[in-house]
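Novice: Quick check, what structure comes out for this input:
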Amino acid sequence: MVNPQRLRCIALLSIATLSCLASSSEAFVAPGLTLQRRISRPTRVSMIQKDATTATTRGNDHPDQRMTLLSPATRTWIRQLLTQTLSVAVLSLNIFFLSSLAPLPAAASDYGSLTPEQKAVAEAWRLVDNSFLDRTFNGQDWFQLRETYVHKKYKSMDEARTAIDTMVSQLGDKYTRYLPPAKYQSIVDTATGTLKLAGVGVEISVNKQGSVVAADVEPSGPAKAGGIQPLDVFLEVDGTRFDDGGKSTPDDVAIKLRGPEGSKVGVVMERDGTIIDYILTRAPIKITAVKSYISNVGGVGKVGVIRIKSFSGTTSATVADEYSSLKKKGAQAYVIDVRGNPGGLLPGGVDTAALFLEENKPVVFVVNKKGVVDAQSTLATGIDTESPIVVLVDSGTASAAEVFTAALKENGRVTVAGEKTFGKGIVQTIRPLADNNGGVAITVARYETPQHHDINKQGIPVDEATPVDCPKDDATACLKGSLFKKPQQV
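Specialist: Model (predicted):
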């Protein structure tokens, strides 16, 4: 007959042993099909053993001495019981953890059996799943979307790419999107300053109505020679319509404008209600993202103007060179013109702002999907922290250009003039897809200004409202001399 007291002891020891394993803070790892537990300190098993002997002896001796008070048979029985119980517990935990670590049916277990088209869709889903800022996925059943789109039968890779576009568009974030191969490469080349295709020499942005327009025209480019003017609206390029109620982006138009050197491209523009057709010949275009010139402002004297069209990895170095040139020409104050600047690379905006700030000044706070804050501050004093500077902005000033503007404004370094900025306070990254299937742009973080303002869909208010329609090569025509103040006066 089984001793009831022994059964009770077995039950208590089993429960306690399982409890100690399940509640321990050490990690479990599963190499292959085995499960190992790394232990760097005594577990509660030793405490259980000590408690059991204490309950038996009711003494105050050292635990090791108490154990010796038990008969040899009892000590042997307890050791065997603990060994058997641990084996059962580890086996149970093996089964539990191996089941929990197994891929979800809709996630990865089927990957090896997928077609190349299905793998492309699965890869895009995974990239977005890993990084997307909105962890509610716009209220969508994100795993069900994978099941739907990954297991669909595709006749071609083009069909799979369309599926990726449709899947990602359901997240409700126009900045998180699929990038076909040509668009992906174009964005990468533009951001890194390595674009090699020929074009027509026009800067593209979006107006207040959401239409894609020619923000500026290169003086020596085909667009200028053909008659295209700033603020002309793109209706069609190379047979593709862009009068679609604001769905098209500057990147969409740019891709169609670019092509082999010497090739022709048809462009349909609208100017003040008049439709104008152009046939342009593509030519090599030197991208000049930063320009500078000297102007004279009454009551101020020589003012150096630096116009930044977009931010890239080389912008801060180029701006530093242009600043040095203007200073040698006698500039006593400066204008940094970022009208129509859609942004570009966030580090470009951060590094350029640092040129005009003192050491240890906050520039931007980037908050990722987990709420982790990356505080970015200046590491050294910039090239000019005292000269009067006016930053000229408009409703087309966005993203990295707003980071740049807010960093200087909220550190009391500049006067911001013009009109409220666009209000894009989120950060994207671009991830490539395998086998030259393009990539995905993913919203991965949001940012806050040095004073912790969230300007997304809000914009940055200006210190002084001024006209913004002055020529791109005469920014000071929008400004009064009284706007040029020393930093301590801002």
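Novice: Which stretches in the stretch 301-450 of the chain count as strands?
Specialist: Using DSSP state E, counting those that start in this stretch, the strands of the stretch 301-450 of the chain run over residues 301-308, 333-337, 362-368, 373-377, 389-393, 415-418, 426-432, 439-448.
Novice: Tabulate those (CSV), appending mean neighbour count and mean pLDDT.
Specialist: Every residue, glycine included, has its C-beta placed from N, CA and C. Below are the strands of the stretch 301-450 of the chain laid out as CSV (neighbours: other Cβ atoms under 10 Å; pLDDT from 0 to 100):
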stretch, mean neighbour count, mean pLDDT
strand 301-308, 22, 97
strand 333-337, 26, 98
strand 362-368, 19, 96
strand 373-377, 15, 96
strand 389-393, 28, 98
strand 415-418, 24, 98
strand 426-432, 18, 93
strand 439-448, 22, 96
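Novice: Out of those, which gets nearest to G139?
Specialist: For the strands of the stretch 301-450 of the chain, distance to G139 was read as Cβ to Cβ. The smallest value, 15.8 Å, belongs to strand 439-448.
Novice: Within its sheet, name the partner strands of the closest one and how each one runs.
Specialist: strand 177-179 (antiparallel), strand 362-368 (antiparallel), strand 426-432 (antiparallel) (DSSP bridges).
Novice: Would you reformat those strands as a markdown table and include distance to G246?
Specialist: Formatted as a markdown table, the strands paired with strand 439-448 follow (distance: least, Cβ to Cβ, whole Å):
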| stretch | distance to G246 |
| --- | --- |
| strand 177-179 | 15 |
| strand 362-368 | 28 |
| strand 426-432 | 18 |
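Novice: residues making contact with stretch 125-138?
Specialist: Here stretch 125-138 makes contact (Cβ atoms under 8 Å, 6 or more residues apart in numbering) with 142, 145-146, 149-150, 167-168, 170-173, 176, 368-369, 426, 429, 431, 433, 440, 442-446.
Novice: if we can go back for a sec, mind putting the strands of the stretch 301-450 of the chain into TSV with distance to A475?
Specialist: TSV is the format used below for these (distance: least, Cβ to Cβ, whole Å):
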stretch	distance to A475
strand 301-308	5
strand 333-337	4
strand 362-368	24
strand 373-377	28
strand 389-393	5
strand 415-418	10
strand 426-432	28
strand 439-448	26
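Novice: Those: which one's closest to P461?
Specialist: Among those, strand 415-418 comes nearest to P461, with 8.1 Å by Cβ to Cβ.
Novice: Tell me the strands beside that closest one, with direction?
Specialist: Strand 415-418 is paired, per DSSP bridges, with strand 389-393 (parallel), strand 464-465 (parallel).
Novice: For V462, find the nearest of the strands of the stretch 301-450 of the chain.
Specialist: Across the strands of the stretch 301-450 of the chain, closest to V462 is strand 415-418 (Cβ to Cβ), at 4.8 Å.
Novice: that older thread, out of the strands paired with strand 439-448, which is closest to G273?
Specialist: strand 177-179 (31.6 Å).
Novice: Just want the angle from the following helix or strand past the closest one to strand 439-448.
Specialist: The helix or strand immediately downstream of strand 177-179 is helix 181-192, counting by DSSP states H and E. Relative orientation of helix 181-192 versus strand 439-448 (axes from the mean of the first three to the mean of the last three Cα atoms, to 10 degrees): 40 degrees.
Novice: which residues are contacting helix 181-192?
Specialist: So helix 181-192 is contacted by 179, 194-197, 251-252, 254-255, 258, 287, 310, 312-313, 344-345, 430, 432, 436-439, 441 (Cβ under 8 Å, 6+ apart).
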